[in-house]
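Participant: Fold the following.
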Amino acid sequence: QVQLVESGGGLVQAGGSLRLSCAASGRTFSSYAMGWFRQAPGKEREFVAAITWNSGTTYYTDSMKGRFTIFRDNAKNMVYLQMNSLVPEDTAVYYCASTNVWGTVVRTTTPYNDWGRGTQVTVSS
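Facilitator: Next up, the predicted model:
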């Protein structure tokens, strides 16, 4: 099991940037692929980005490609989500999650074993 704690959320104006962090502890972090998801009020949790254990491959939702960047530092047991050019539609609770599988399935919540509690991101217009 991997324990995950997100941080870095907050209130930002449209066009601004935030960097979310996810601290991991427990089993060997570097052996897990990591994902970021978000959930807005009244909506289902949606995929944002994912990264392989060695940062060799990343996936993004099309609407976030070019604005968001996922990266990780295995030496620090951290995964990050850099978010630029934020828009009000990005307002949501953002969650990080870990999985020991890879493939297009990581774009869904299905393969993820462990989740953090989330961090709130609010983008004002």
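Participant: Pick out the residue nearest the middle of this protein.
Facilitator: Ranked by distance to the mean C-alpha position of the chain (C-alpha atoms, centre = their mean), the top residue is Trp36 at 2.1 Å.
Participant: On the three-state scheme, that one is what?
Facilitator: Here Trp36 is recorded as strand under DSSP: H, G, I helix; E, B strand; the rest coil.
Participant: where's it relative to Lys65, distance?
Facilitator: 13 Å (C-beta to C-beta, to the nearest Å). Quick note: C-beta positions are derived from backbone N, CA and C, even for glycine.
Participant: Tell me which stretches of the protein form strands.
Facilitator: Secondary structure of the chain (DSSP state E): strands located at 2-7, 10-13, 18-26, 33-39, 46-51, 58-60, 68-73, 78-83, 92-99, 114-115, 119-124.
Participant: Of those, which is nearest Val106?
Facilitator: For these, distance to Val106 was read as C-beta to C-beta. The smallest value, 4.4 Å, belongs to strand 46-51.
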